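Peer 1: Next come a sequence and a model predicted from it.
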Amino acid sequence: MFGVAKICLGVAALLFVAFLLVPPALAACTDMPAPGVDWQRCYLDKRHFQNADLSGATLRSSFFAHSDFTGANLTGVDARRAKFVTAILNEVRFDEARLIGADFTTAELAGASFRGADLRRAKFFRADLRGADFTGATLGGTDFLKADLSGATWIDGKTICPEDLIGQCN
């Protein structure tokens, strides 16, 4: 009887250890929008995320072309190399977000907040950034070619870009 008990205990211990070693499952691209969702390398073009709370989400190398994020909270997201080409991102909060190499070509970003965001090598070609807030953002190689920065607050938190400004605000 003791031999069977030892075998059962051994099997139970082995299963317990195996359970601890199994990595957690990654979130699927079909998961609902939620804080901390893992959507890296997902194709989510032409989707509707208005007023969604995606704070702390992982969006690395994902595609959101033509998607609508109006009023969404993307505070603290990791969206390195994400594509927001022609997306609607008016009044979106990207505060403290990692947006290194993100592509916002022709995106609508009026009133968006990028306070403390890392925007190195991000691309805003022909983007609408009227009234956006870049206070404390990290720039370096950021492309604002032909972007509308009218009324935007620049990285020092004091400079307001002049009306009809197209390109870099200094």
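Peer 2: Good, I have the coordinates.
Peer 1: Now Asp38: phi and psi?
Peer 2: For Asp38, the backbone dihedrals are phi -110, psi 100 (criterion: degrees, to the nearest 10).
Peer 1: That one pairs with what?
Peer 2: On the basis of DSSP bridges, Asp38 is bridged to Thr58.
Peer 1: That one contacts Thr58, correct?
Peer 2: Yes - the pair Asp38 / Thr58 is scored as a contact, 4.6 Å apart, by C-beta atoms under 8 Å. The way it works is simple: take the backbone N, C-alpha and C, and place the C-beta from them, glycine included.
Peer 1: Looking at the two, which one has more neighbours?
Peer 2: Thr58 (22 against 18; other C-beta atoms under 10 Å).
Peer 1: got the contact list for the more buried one?
Peer 2: The contact partners of Thr58, taken as C-beta atoms under 8 Å, 6 or more residues apart in numbering, are Gly36, Val37, Asp38, Trp39, Gln40, Val77, Asp78.
Peer 1: Out of these, which end up buried?
Peer 2: Among those, those scoring as buried are Val37, Asp38, Trp39, Gln40, Val77, Asp78 (criterion: 16 or more other C-beta atoms under 10 Å).
Peer 1: Quick one: the helices in the chain, in order.
Peer 2: Applying DSSP state H to the chain gives helices spanning 2-21.
Peer 1: what residue ranges in it score low on pLDDT?
Peer 2: 1-27 (pLDDT under 70).
Peer 1: Repeat the analysis, applying 50 as the threshold.
Peer 2: Scanning the chain with the threshold set as pLDDT under 50 gives 8, 14-26.
Peer 1: all strands of it, in order?
Peer 2: Shown for the chain, no strands are assigned by DSSP state E.
Peer 1: rewinding a little: got a markdown table for the contacts of Thr58, with distance to Leu119 too?
Peer 2: Formatted as a markdown table, these follow (distance: C-beta to C-beta, whole Å):
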| residue | distance to Leu119 |
| --- | --- |
| Gly36 | 22 |
| Val37 | 22 |
| Asp38 | 22 |
| Trp39 | 20 |
| Gln40 | 19 |
| Val77 | 13 |
| Asp78 | 13 |
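Peer 1: Which pair in these has the greatest spatial separation?
Peer 2: Gly36 and Gln40 (12.3 Å; C-beta to C-beta).
Peer 1: picking that back up, kindly indicate which of the contacts of Thr58 lies nearest Glu163.
Peer 2: Looking across those and measuring by C-beta to C-beta, the closest to Glu163 is Val77, at 30.2 Å.
Peer 1: Surely that closest one is in contact with Leu59?
Peer 2: Yes - assessed by C-beta under 8 Å, Val77 is found in contact with Leu59 at 5.5 Å.
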